[in-house]
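**Q** take this sequence and fold it.
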Amino acid sequence: MKGTIIRFISAGAALLMILAPSITRVYAGRAAGDPYKLESGLDPENSKIKPILSLSQIELPLNKAKEEPEQSIELTVTGAEGKYASTGLHVKFDDRLEILKDDGDYATSGPALKRIGMIDSSPDWLDENNVPHGVFVMTGASSNKGRDGVMWTFLLRLPDDIQVGDVYPIEIYYQKGKSSGDLFTDLLQDKEGRLMDAWVFTHGIEQGYIKITEEEPTTVPEPVIKVKKGDPNGDGIIDAVDASYMMANYAKISTGVYEPDIEDIMTCDVNDDGMMDAVDASIVLAYYAYVSSGGTDEFEVFLETQMFLRQAIDR
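**A** Residues are numbered from 1 along each chain as shown. This is a model prediction of the structure:
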């Protein structure tokens, strides 16, 4: 009963994908392509080993996709550590994608195949221009040395005319011929290996895709202006030179020949009244006289004291 319910759910999910192709596959189910023909008396639900083969599922903002059109796709296995040796897998991708070679190969083996003795890959689904739209990858070993992790990596290039909402399917595509077919099994291909093979292609596939999403907002950081109030010449000392600079700017502003920038405003309007004038220069001169006579307060502290005294006098 349990197996019937699971097969019903998987079939319903597959039908939903046919009726609504814009929905991305994020569940584990059967492989695309030819139907997997079960051996008589073999129920995948009875498999002790139930691996999941997954392809990368990438959601990429439009601006990032334009900046980085080449995307690395990984084929990963989990739940099969030390349980497999012989594999043959077809991976088919959207015709709009271009597969790129890496050191002359269309697929690069990953850490999961480190101990596997025989590995190979070849282009597949060649179009009329001899351009591949898929790849076939295979392994063989003298024992069950396959590990969990990344088995294969492919490099795919997005087209130039990408738009928000585009989805590019990348699928493990099961193929079965008269004399050979895709497989994921152990060295001996015994009953447990055949059960594992049946499980993978009927229940253990998570298909991949690249989906283009809305652009990420780009934020331009506000410029950091390293200035010190009362020190417009930026030499680290508040003195008569700064007061003279402020008076000269005051004259220029008053005659309309100069429009202060943000840095001048931050350094010269020391009393924060929104104006750059002789009052600010007088405060700087007062602080210079204070320090010259032995005063030790920082300019900010001196300013607070002066403002407090001024407020007291005004009252």
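
**Q** next, the buried residues of the helix or strand hosting residue 170.
**A** Residue 170 belongs to strand 167-174 when assigned by DSSP states H and E. By 16 or more other Cβ atoms under 10 Å, the buried positions in strand 167-174 come out as 168-174. C-beta: built from backbone N, CA, C; applies to glycine.

**Q** please enumerate the helices of the stretch 51-200 of the chain.
**A** 62-67, 191-203 (DSSP state H, counting those that start in this stretch).

**Q** low pLDDT regions in this protein?
**A** Flagging of the chain using pLDDT under 70 yields the residue ranges 1-27, 221-226, 307-315.

**Q** centre-most residue in it?
**A** With distances taken as Cα atoms, centre = their mean, the chain has residue 60 as the residue nearest its mean C-alpha position (7.1 Å).

**Q** who's in contact with that residue?
**A** With contacts defined as Cβ atoms under 8 Å, 6 or more residues apart in numbering, residue 60 is in contact with 68, 71, 210-213.

**Q** and residue 186, by the same measure?
**A** Per Cβ under 8 Å, 6+ apart, neighbours of residue 186: 83-86, 144, 192-193, 196.

**Q** repeat that for residue 114.
**A** When contacts are counted by Cβ under 8 Å, 6+ apart, residue 114 touches residue 147.

**Q** roughly how far apart are it and residue 120?
**A** Separation of residue 114 from residue 120 (Cβ to Cβ, to the nearest Å): 16 Å.

**Q** what does residue 61 give?
**A** Using Cβ to Cβ, we find residue 61 at a distance of 36 Å from residue 120.

**Q** now residue 168
**A** From residue 168 over to residue 120 the distance is 26 Å, taken as Cβ to Cβ.

**Q** residue 140 now?
**A** Counting by Cβ to Cβ - residue 140 and residue 120 are separated by 9 Å.

**Q** near the residue lying closest to residue 198 once chain neighbours are set aside, how many other residues are there?
**A** Excluding its sequence neighbours, the residue lying closest to residue 198 (Cβ to Cβ, 6 or more residues apart in numbering) is residue 44, at 4.3 Å. Here the number of neighbours of residue 44 (other Cβ atoms under 10 Å) works out to 23.

**Q** I'd assumed residue 51 was in contact with residue 44.
**A** No. Residue 44 lies out of contact with residue 51 (Cβ atoms under 8 Å); the separation is 11.3 Å.

**Q** intersection of neighbour lists for the two?
**A** In contact with both residue 44 and residue 51: residue 199, using Cβ under 8 Å, 6+ apart.

**Q** rewinding a little: who's in contact with the strand holding residue 170?
**A** Residues contacting strand 167-174 (Cβ under 8 Å, 6+ apart): 22, 24-25, 30-36, 53, 55-56, 73, 75, 89-94, 96-97, 134, 156, 158, 181-182, 201, 205, 207-212.
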